[in-house]
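**Q** Could you look at this predicted model? Sequence included:
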Amino acid sequence: MHRRTRRLVVGLAAGLALLAVSVTPGAAQVPACGLRKSIVDHLSARYREVRQAIGLVSEKAIMEVYASPAGSWTILMSNPAGRSCIIASGQAWSAHREPRGPKI
């Protein structure tokens, strides 16, 4: 895994952990969980979301980002058994690539 990708995954995982800790119990929502295939099929059929990125969280979890041309996005966390949970979702997705070249 590239260093930049690894930093992104670690940073995102840390941010999600902080977000989960900072949410008060009354405001917290139970993540939608189920079979990965069912959730991915639903994201495709209902929102036209397709996978934009994938990262290894640990030996027991992967994180995927799905997004649509309309800008909706979903972060999905999955285990090797095929069980997944929607961790976050939102609007206004914008694909961004860092320019390649010498670092300043």
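**A** On my side now, so go ahead.
**Q** Kindly confirm my reading that L56 is in a strand.
**A** Yes. Judged by DSSP: H, G, I helix; E, B strand; the rest coil, L56 forms part of a strand.
**Q** Dig out what it forms beta bridges with.
**A** Beta bridges link L56 to I62, judged by DSSP bridges.
**Q** measure the residue nearest to K37 when sequence neighbours are not counted to S68 for me?
**A** In space, and not counting its chain neighbours, K37 is closest to G82: 7.0 Å by C-beta to C-beta, 6 or more residues apart in numbering. For every residue, glycine as well, the C-beta is placed using N, CA and C. The gap separating G82 from S68 is 23 Å, by C-beta to C-beta, to the nearest Å.
**Q** of these two, who's got more company?
**A** More neighbours surround S68 than the other of G82 and S68, with 18 against 11 (other C-beta atoms under 10 Å).
**Q** Residue ranges in the protein under the pLDDT threshold?
**A** For the chain, applying pLDDT under 70 flags the ranges 1-31, 101-104.
**Q** Let me see the ranges of the helices in it.
**A** Here the chain has its helices, by DSSP state H, at 3-22, 36-47.
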